[in-house]
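A.B. asks: Okay, structure incoming, though there's no sequence with it:
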């Protein structure tokens, strides 16, 4: 039982940071997704430019 309670405490601590009433965590995730999407678009353009023409 002690092992189970310790695991649940660790799980609870991990989840405690997800409680974000201001939505800042979600805002940061959205900003990161936008950044990644623009990087993907840039890399796709680079791949297209480097692709040999037939």
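C.D. replies: That came through fine. It should be emphasised that the depicted structure is a prediction, and the values quoted were computed from it without experimental measurement.

A.B. asks: Centre of the chain to the helix or strand residue 39 falls within, how far?
C.D. replies: Residue 39 is part of helix 24-50, with elements assigned from DSSP states H and E. Here helix 24-50 is found 12 Å from its chain centre; the criterion is Cα atoms, centre = their mean, to the nearest Å.

A.B. asks: Next: stretch 47-54.
C.D. replies: With Cα atoms, centre = their mean as the basis, stretch 47-54 stands 31 Å off its chain's centre.

A.B. asks: what about it, how long is it end to end?
C.D. replies: Using Cα to Cα, to the nearest Å, the end-to-end distance of stretch 47-54 comes out at 15 Å.

A.B. asks: Over to stretch 14-22?
C.D. replies: Stretch 14-22 has an end-to-end distance of 19 Å (criterion: Cα to Cα).

A.B. asks: pLDDT averaged over the helix holding residue 39 - what is it?
C.D. replies: Per-residue confidence for helix 24-50 averages out to 92 on the pLDDT scale.

A.B. asks: How about stretch 3-13?
C.D. replies: When pLDDT is averaged over stretch 3-13, the result is 80.

A.B. asks: So what's the gap between that stretch and the chain middle?
C.D. replies: In this view, stretch 3-13 has its centroid 24 Å away from the chain centroid, taken as Cα atoms, centre = their mean.

A.B. asks: and if you look at stretch 23-32?
C.D. replies: Offset of stretch 23-32 from its chain centre (Cα atoms, centre = their mean): 9 Å.

A.B. asks: Give me the buried positions along that stretch.
C.D. replies: Taking 16 or more other Cβ atoms under 10 Å as the neighbour-count basis, stretch 23-32 is seen to contain no buried residue. For every residue, glycine as well, the C-beta is placed using N, CA and C.

A.B. asks: One more: stretch 2-12?
C.D. replies: By neighbour count with 16+ other Cβ under 10 Å, stretch 2-12 contains no buried residues.

A.B. asks: Give me the distance between residue 48 and residue 41.
C.D. replies: Noted for residue 48: a distance of 11 Å to residue 41, by Cβ to Cβ, to the nearest Å.

A.B. asks: Residue 5 now?
C.D. replies: 48 Å.

A.B. asks: same check, this time on residue 30
C.D. replies: Counting by Cβ to Cβ - residue 30 and residue 41 are separated by 17 Å.
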